[in-house]
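Engineer: can you look at this prediction? I've put the sequence above it.
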Amino acid sequence: VFFFFKQKTAYEMLRSLVGSEMCIRDSMGRTRLDRPPIKTQASKDKFVILLKNDRAIEIPEMFLPSYTSNKGNYCISLGNLCKWLGDQAQELGVDIFTGFAGDEVIYDDNGKVIGVATGDMGISKSGQHKETFTRGIEIVANQTIFSEGARGSLSERVIKQFDLRKDSDPQVYGIGYKEVWEVPEKNFHPGLIQHTVGFPIGFKDYAGSFMYHIEPNQIHLGYIVGLDYENPHLNPYEEFQQLKTHKQIRKYLEGGQCISYGARALCEGGFYAVPKLTFPGGVLAGDCAGFLNVFKIKGAHNAMMTGILAAENIFNRVSSSEHRAKGDEIVEYEDAYKKSKVYEELFQTRNFKNAFKWGIWAGLIHGKLISMIKGKEPWNLRNNVIDCSKTKPQNQFQKKEYPKHDGVLTFDLLDNLIKTGVYHDHDQPSHLKIKKGLENMPEISYKKFGAPEERFCPAKVYEYIVNDQGEPKLQINAQNCIHCKTCSIKTTSEFIDWNVPEGGGGPKSVSYTHLTLPTIYSVQISVVAVSLKKK
């Protein structure tokens, strides 16, 4: 088993999770493993409706939906967990190649997936080979598992190549912002889990915050905004900064220090947006297929379990096949998924997200109802509109003005960007390009929609330079990119083509974690053929 990861194993990971130790140990399936790096047990669940002027309504825990209960769970840093998982995998004989980015899907003459190719390295902005030029390599395998996380670049290509969304809803997304704070002991409550809705964004758009208190003295604070919002003037980053000024958030952060920042798109489509999972030569696993439970805001457990289901069914086919499953479509994996707890969990919450199209209050009441009847409602709420199509022209809204940052509780975006540790070699081709045939979209975005990419990008990658004639030109600062993928989702007509940069480039926030990041597993039980990539 060869495991490709474009960063070092624990890098580019800022997300945290709440889960059970048994879930992690059972999913690994080996009693010989060391104890996972988890120690902060969930102590209290809070759900607070934030109002203006520091007012708030806390919902008693007894009235919260059962799905949201974290009794017996642990607050976990996925950065630490992934470092531990990497060590365990290597002890079991898995070859982990870090700093290599999967750049291309390889097909045989019959259109079957036979592996992936890494990107060439050492190419200048002008396209010339530098002294450090290294040709990418082709990794040919009997089966390839794509587990790239939300909006994975290669996953999206195979989904399109094999029309895997033919019978599913289009995937919809949110943008999740995150900061990790070290706080004084008086503000720290080990195991406290708090979720909020309302302030600052209000009750029309789908948005909310989460806060985990994780030992020794860290608060992991995040804010998620659904990318189906209509107002192009909305700035999700500034909304996140304003969240921290509310008393119910501020009281935990005062006197503390923000040590990490990051952002990442996440799948919100749920059950109906999961595509077909298998195709000749490979499968989809993890959040690139959209296994996040939006109701619980949890998906790492489902990512792990679908990866295990994929591995088990590939192994079974390889073991029983004379040609060792080379290029086969492992349909047993999809069957196993439909019999799994992952499928059951997503089905029970299948209607949660789409009910929020009627507003936050309707969505919350509906969510409480379906949690009580555990998904047995006779209705199905579907969606057929992608997020960028929800954006309305700028002339239908007033511009939003946001307060200045104080540099203590709230921060300018570029000041916060430093905390991501983002790095790309400046002298390389941009990994962010305008799609062919959509070259006029930036101008339409600027004039009709007010250039929303200047606001939803969490790293100030996109900015418009207006010349003396008043004509805008889009400038792409690719070196700032923290790999959230939002630009490939929310730009007008999805005009950005997101590709991987040189291996090793990107954010390096060790404290910030995400389990289903751009990762590709090439599985070959006997021999893995490695060769230089063709020109």
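Structural biologist: All right, it came through fine.
Engineer: pLDDT (mean, whole number) over the helix ranked longest in the chain?
Structural biologist: Under DSSP state H, the helix in the chain containing the largest number of residues is helix 300-320. What helix 300-320 shows for mean pLDDT is 91.
Engineer: helix or strand right after that helix?
Structural biologist: Sequence-wise, the next helix or strand downstream of helix 300-320 (DSSP states H and E) is helix 331-338.
Engineer: ok so, going back, which of the residues in the longest helix of the chain are buried?
Structural biologist: Burial within helix 300-320, assessed by neighbour count using 16 or more other C-beta atoms under 10 Å, is assigned to 300-311, 313-315, 317-318. Quick note: C-beta positions are derived from backbone N, CA and C, even for glycine.
Engineer: can you check stretch 483-499 too?
Structural biologist: Burial within stretch 483-499, assessed by neighbour count using 16+ other C-beta under 10 Å, is assigned to 483-492, 494-499.
Engineer: next one: it to chain centre, how far?
Structural biologist: 13 Å (C-alpha atoms, centre = their mean, to the nearest Å).
Engineer: what mean pLDDT does it get?
Structural biologist: The pLDDT scores in stretch 483-499 average 96.
Engineer: need the residues that contact it.
Structural biologist: Applying C-beta atoms under 8 Å, 6 or more residues apart in numbering, the set of residues contacting stretch 483-499 from outside is 12, 103, 150-151, 153, 173, 175, 227, 263-265, 386-388, 391, 431-435, 438, 441-442, 444-445, 448-449, 452-453, 456-459, 461-462, 506-507, 518.
Engineer: list only those of those residues flagged as buried.
Structural biologist: 12, 103, 150-151, 153, 173, 175, 227, 263-265, 386-388, 391, 431-432, 434, 438, 441-442, 445, 449, 452-453, 456-459, 461-462, 506-507, 518.
Engineer: looking at those residues, which are in strands?
Structural biologist: Those of the buried ones among the contacts of stretch 483-499 mapping onto strands are 103, 173, 175, 263-265, 432, 434, 462, per DSSP state E.
Engineer: between these, which sits nearest residue 372?
Structural biologist: residue 173 (28.1 Å; C-beta to C-beta).
Engineer: rewinding a little: which of the ones in strands among the buried ones among the contacts of stretch 483-499 scores worst on pLDDT?
Structural biologist: When those are sorted by pLDDT, the bottom entry is residue 103 at 89.
Engineer: for the residue lying closest to that one once chain neighbours are set aside, what are its contacts?
Structural biologist: Counting by C-beta to C-beta, 6 or more residues apart in numbering, residue 103 lies nearest to residue 119, which is 3.5 Å off, once chain neighbours are set aside. By C-beta under 8 Å, 6+ apart, the contact list for residue 119 reads 101, 103-104, 136, 500-503.
Engineer: who wins on neighbours among these?
Structural biologist: Neighbours here mean other C-beta atoms under 10 Å. Within those, the largest count is held by residue 101, at 26 neighbours.
Engineer: filter the contacts of residue 119 down to the ones in strands?
Structural biologist: 103-104.
Engineer: closest one of the contacts of residue 119 to residue 167?
Structural biologist: The closest of the contacts of residue 119 to residue 167 turns out to be residue 104 (C-beta to C-beta; 27.2 Å).
Engineer: residues contacting the closest one?
Structural biologist: Taking C-beta under 8 Å, 6+ apart, we find residue 104 in contact with 116-117, 119, 136, 154, 533.
Engineer: repeat the analysis, applying 10 Å as the threshold.
Structural biologist: Residue 104 sits next to 115-119, 136, 138, 153-154, 157, 499-500, 533-534 when contact means C-beta atoms under 10 Å, 6 or more residues apart in numbering.
Engineer: among these, which are in helices?
Structural biologist: 153-154, 157.
Engineer: what is the nearest of the residues you listed to residue 203?
Structural biologist: Nearest to residue 203, judged by C-beta to C-beta, of the ones in helices among the contacts of residue 104 is residue 153 at 35.0 Å.
Engineer: how about stretch 338-357: buried residues?
Structural biologist: For stretch 338-357, burial by neighbour count (16+ other C-beta under 10 Å) applies to 340, 342-343, 345-346, 348-356.
Engineer: show me those that map onto helices.
Structural biologist: Going by DSSP H, the helices hold 342-343, 345-346, 348 from those.
Engineer: picking that back up, Throw the contacts of residue 104 into TSV and include distance to residue 379, thanks.
Structural biologist: Listed next are these as TSV, based on distance: C-beta to C-beta, whole Å:
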residue	distance to residue 379
115	43
116	41
117	46
118	47
119	46
136	49
138	48
153	35
154	36
157	35
499	40
500	41
533	50
534	52
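Engineer: among the residues you listed, which two are most distant?
Structural biologist: Maximum distance among the contacts of residue 104 (C-beta to C-beta): 19.6 Å, for 153 and 534.
Engineer: name all residues that make contact with residue 393.
Structural biologist: With C-beta under 10 Å, 6+ apart, residue 393 has these contacts: 230, 232, 447-450.
Engineer: average pLDDT across the strand or helix carrying residue 242?
Structural biologist: Residue 242 belongs to helix 236-243 when assigned by DSSP H and E. Helix 236-243 shows a mean pLDDT of 98.
Engineer: buried sites along it?
Structural biologist: 236-243.
Engineer: still on that earlier bit, which of the ones in strands among the buried ones among the contacts of stretch 483-499 sits closest to residue 397?
Structural biologist: The closest of those, once distances to residue 397 are taken by C-beta to C-beta, is residue 175, at 18.8 Å.
Engineer: wait, the closest one sits on residue 263?
Structural biologist: Yes: with contact defined as C-beta atoms under 10 Å, residue 175 reaches residue 263; the gap is 6.2 Å.
Engineer: any shared contact partners between these two?
Structural biologist: Taking C-beta under 10 Å, 6+ apart as the contact rule, residue 175 and residue 263 both touch 223, 236-237, 240, 456-458, 484-486.
Engineer: just name the closest of those residues to residue 324, please.
Structural biologist: Nearest member of the shared contacts of residue 175 and residue 263 to residue 324, counting by C-beta to C-beta, is residue 485, at 34.1 Å.
Engineer: ok, now how distant is the closest one from residue 456?
Structural biologist: Using C-beta to C-beta, to the nearest Å, one gets 12 Å for the distance from residue 485 to residue 456.
Engineer: what touches both of these two?
Structural biologist: 175, 263.
Engineer: give me the helix or strand of this structure that scores worst on average pLDDT.
Structural biologist: strand 519-523 (a mean of 45; mean pLDDT, DSSP states H and E).
Engineer: what's the neighbour count on residue 475?
Structural biologist: 11.
Engineer: now do it, the pLDDT please.
Structural biologist: 97.
Engineer: swap in residue 528?
Structural biologist: pLDDT, residue 528: 41.
Engineer: try residue 28
Structural biologist: 56.
Engineer: and for the one 3 residues further on?
Structural biologist: Reported pLDDT at residue 31 in the predicted model: 43.
Engineer: next one: residue 11
Structural biologist: Residue 11 carries a pLDDT value of 44.
Engineer: quick one, strands of the stretch 151-300 of the chain?
Structural biologist: 173-182, 192-198, 207-214, 218-226, 257-267, 278-279, 282-284 (DSSP state E, counting those that start in this stretch).
Engineer: so which of the ones you listed is nearest residue 74?
Structural biologist: Closest among these, using C-beta to C-beta: strand 207-214, at 9.2 Å.
Engineer: what lines up beside the closest one in the sheet?
Structural biologist: Paired neighbours of strand 207-214 in the sheet (DSSP bridges): strand 192-198 (antiparallel), strand 218-226 (antiparallel).
Engineer: I appreciate the help and will end here.
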